[in-house]
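> have a look; sequence and predicted model below, questions after that.
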Amino acid sequence: MRAIELQDVHKAFGPTLIIRGVSLTIEAGTRQALIGPNGAGKSTLFNLITGKYPVSSGRIRLKGEEVTGRRPNEINRLGLSRSFQVTNIFPQLSVFENLRCSVLWALGYRYSFWHRVNRARDVQERTETVLEQLNLTARRHVPAGVLSYAEQRALEIGITIAGGADVILLDEPTSGMSRSETEHVVQLIREVTAGKTLLMVEHDMGVVFDLADRIAVLVYGEVIAHDTPERIRANAAVQEAYLGVPQGTV
Amino acid sequence: MSTPTPAAARPLAVDQVSRSGGLRVFGLWVGVALLLVVLPFVIRTPVAVPIMNQMGIAIVFALSYNMLLGQGGMLSFGHAVYFGVGGFIAAHALNLAAGRGVYLPVPLVPLAGGLGGLVFAMIFGAFSTIRSGTVFAMISLGVGELMAASSLIFDRFFGGEEGITTNRAKAPLLFGLTFTKDREVYYLIAFWVVVTAAAMYAFSRTPIGRIANAVRDNPERAEFVGYSPRWVRYVSFCAAGLFAGIAGGLFAVNYEILTAENMGLNASGAVLLMTYIGGIGYFLGPIMGAVVFTFLQSMLSDYTGIWLLYLGILFLATVLFVPAGLAGLLMLHAPAWRAGRLPRLIGPYLLVAVFGVVAAVGVVGAFEMTHFLASAESTRATKRLFGVAVAPRTPAPWLAFIAFTAVGALGLRWAAPRATAAVAEANRPGPS
């Protein structure tokens, strides 16, 4: 099954064409990485897939369903969830509240004013589980805004996966992290995306080759290659355009 | 969005409440209800009951306003619209009931107001809540002006300049209850205060209430976990309109008159002031704000013609120095209280209080003399201030008040940082 399908997607901001005809298929159940030099349009592509921006032309399908032109919340309800490059959490709410708010819709509570959240056992349990996965149980009452940077990045991933979406998009989950923090996050990503579809933007090639089954290379708004890590490593066009070296040792 | 670093979690964001915690909360509500029952017997001055009635109405109104501002992050300059419309509809309903057009006993009249507030909030909310922030504030201002203008156009409904009157004594009875005396109305208002406050508290603990906080903090992220920020704001807005309408209905029952002023900009401004002074980050905040504001309003206006100026100064001081409001100031001491270190603060606070009073005497004296000279009273030579006859046309009292102000201000500059440091020290975790 295809988790995400892009068909000849274009995006222009005013006269500037950022995405120039991307066609890309992400198979369900795979972990894939989107790489490319700065300004290639990786985050823009994420924003198109998740509905933050409308496409200029082209079509996007999620698990076979047409989602072109839908709102982010509608796309999320179909089972796609994303994280952000710049930490995007609820700073004044506690860590626990951050995660709880992220499971409410998925568990069917929607806009309910007739349930009491503290008495909703499924909500409490799911939130506790994610807290443990993130290793943030001891920080549950702390306002998210005062967490350390690495903790906030972990929470960012937690908010993304808490709702149980089966298509996960992570935008540079390890950016700005130390070596050991990165290892920790890679382990976390591996755990929480088991059996799910993952598409992530990542600059750390160690992380990319560690996690990804397949890699898509975006250069100047076009996908120039989409293949297994080994073949991407050997691909001359990728080395030329992206890595800037004619051949050799990535 | 970047992530600012708040000093402390909002207590609205409490997570799990254990069974015993739930029982404690229930016990608290029962305690509050009992307190309200005995209050008129404890405070026996004749003006107490009318003022407490006014406070009760203000509490419901301010709590409803905080559903927008504190919980939903919507700064409204037109919340009195829903209070006023609710009041007018309740008054008309009461008149209908008096003519036996409908069976509506007095205790249920606030519900008619609530329904009116809800319907109008559903209409105006449909476009008000598309955006938050400045756009929301501007639209609320526009709606307020629109309704103020409408009150003169639809004068059959709004009664033009005089407003409309009603008479609660003519309505049909429920369980034989009459509402002719202020004290009887007091119990009616107290009942509705407890019911609506409990309902608004419960609302903040529902999924939509929690998500309202999330949308306030970061609407974009809320959208990416499945919620439409606009719809979340709309539901909060409608709920706030409902409770504002109930407050308006209580107003109609209590005062038996409504004018366009009740839904004008001044009324909208007053509810903003009292909510903010009380503290928008706490459920208790608007309650404290409503009580203090109403008390000052009724007390100060007996002593001075420029009481609004003092309320304005109080508001400015809150915004500048205590943005968390009275409730925030109170909660600031929670760690020190738990550690049993509050007595250590008595000294530093006493110093602040002394210099504060000195500065206040100076400022108030200068304002009152200015007011005296600028108003019609000024044919007389002296004015009584702080129990002393002063002569505003001589330099001596001016010099004295300027000296008071200067000494007080300098003293505060010296004492206030010490008090702040003392609080921080007392709140420091660990053994003393």
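Perfect, I can see it now.

> run through the residues that contact residue A:210.
When contacts are counted by C-beta atoms under 8 Å, 6 or more residues apart in numbering or on different chains, residue A:210 touches residue A:186. C-beta coordinates here come from the backbone N, C-alpha and C atoms, glycine included.

> and it, what's its pLDDT?
Looking at residue A:210, its pLDDT reads 93.

> just confirm it is within a strand.
No: the assignment for residue A:210, made by DSSP: H, G, I helix; E, B strand; the rest coil, is helix rather than a strand.

> what separation is there between it and residue A:189?
From residue A:210 across to residue A:189, the span is 10 Å (C-beta to C-beta, to the nearest Å).

> and if you look at residue A:73?
Going from residue A:73 to residue A:189 by C-beta to C-beta gives 24 Å.

> equivalent analysis for residue B:306, please.
64 Å.

> just residue B:305 next, same as before
Distance, residue B:305 to residue A:189, by C-beta to C-beta: 68 Å.

> again, but for residue B:259
Separation of residue B:259 from residue A:189 (C-beta to C-beta) stands at 63 Å.

> those two - which one has more neighbours?
residue A:189 (23 against 20; other C-beta atoms under 10 Å in any protein chain shown).

> and residue A:33, that one's in a strand?
Yes: checked against three-state DSSP, residue A:33 lies within a strand.

> number of nearby residues for it?
Residue A:33 has 25 neighbours, counted by other C-beta under 10 Å.

> that one against residue A:206, yeah?
No: assessed by C-beta atoms under 8 Å, residue A:33 is found out of contact with residue A:206, at 11.5 Å.

> what sits in contact with each of the two?
Counting by C-beta under 8 Å, 6+ apart, residue A:33 and residue A:206 have no shared contacts at all.

> could you point out which element follows the helix or strand hosting residue B:38?
Element membership for residue B:38 (DSSP states H and E) is helix B:19-42. Reading on from helix B:19-42 to the C-terminus, the next helix or strand found by DSSP H and E is helix B:48-72.

> against which helices or strands is that following helix packed?
When contacts are defined as 3 or more C-beta pairs under 8 Å, 6 or more residues apart in numbering or on different chains; DSSP states H and E, helix B:48-72 packs onto helix B:19-42, helix B:182-204, helix B:207-217, helix B:229-255, helix B:265-278, helix B:284-303.

> what angle separates that helix from helix B:207-217?
Per axes from the mean of the first three to the mean of the last three C-alpha atoms, to 10 degrees, the angle that helix B:48-72 makes with helix B:207-217 is 70 degrees.

> tilt between helix B:48-72 and helix B:182-204?
Using the same axes, to 10 degrees: helix B:48-72 against helix B:182-204 is 10 degrees.

> which stretches of chain A form helices?
Remark: helices assigned in chain A by DSSP state H are A:42-49, A:72-77, A:95-104, A:121-134, A:149-162, A:179-192, A:205-211, A:229-234, A:236-238.

> averaged pLDDT, stretch A:132-142. What do you get?
96.

> repeat that for stretch B:259-275.
Stretch B:259-275 carries an average pLDDT of 95.

> give me the pLDDT for residue B:13.
With respect to pLDDT, residue B:13 has a value of 38.

> just for the stretch 301-432 of chain B, where's the confidence low?
Within the stretch 301-432 of chain B, the stretches with pLDDT under 70 are B:376-378, B:431-432.

> what ranges does it have for its helices?
B:307-321, B:325-332, B:334-338, B:346-374, B:395-427 (DSSP state H, counting those that start in this stretch).

> okay, those helices in CSV with mean neighbour count next?
Shown next, in CSV, are these (neighbours: other C-beta atoms under 10 Å in any protein chain shown):
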stretch, mean neighbour count
helix B:307-321, 14
helix B:325-332, 20
helix B:334-338, 14
helix B:346-374, 17
helix B:395-427, 15
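
> make CSV from the ones you listed and add distance to residue A:231 to it.
Shown next, in CSV, are those (distance: least, C-beta to C-beta, whole Å):
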stretch, distance to residue A:231
helix B:307-321, 62
helix B:325-332, 60
helix B:334-338, 60
helix B:346-374, 72
helix B:395-427, 60
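
> need those in JSON lines (columns: distance to chain A).
As requested, these are exported to JSON lines (distance: least, C-beta to the nearest C-beta, whole Å):
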{"stretch": "helix B:307-321", "distance to chain A": "19"}
{"stretch": "helix B:325-332", "distance to chain A": "13"}
{"stretch": "helix B:334-338", "distance to chain A": "14"}
{"stretch": "helix B:346-374", "distance to chain A": "27"}
{"stretch": "helix B:395-427", "distance to chain A": "16"}
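
> contacting residues for residue B:120?
Contacts of residue B:120 (C-beta under 8 Å, 6+ apart): B:81, B:82, B:85, B:241, B:245.

> one more time with 10 Å, if that's ok
B:81-82, B:84-86, B:89, B:143, B:147, B:238, B:241, B:244-245, B:263 (C-beta atoms under 10 Å, 6 or more residues apart in numbering or on different chains).

> can you list the domains in chain B?
For chain B, the structural domains run B:40-332, B:337-427, going by automatic domain parsing.

> pick the most buried one from those.
Most buried of those, by mean neighbour count (mean count of other C-beta atoms under 10 Å in any protein chain shown): domain B:40-332, with a mean of 21.

> centre of the chain versus that domain, how much separation?
8 Å (C-alpha atoms, centre = their mean, to the nearest Å).

> list the residues that contact residue A:66.
A:5, A:59, A:60 are the contacts of residue A:66 under C-beta under 10 Å, 6+ apart.

> drop anything exposed from those residues.
Among these, those classed as buried by 16 or more other C-beta atoms under 10 Å in any protein chain shown are A:5, A:60.
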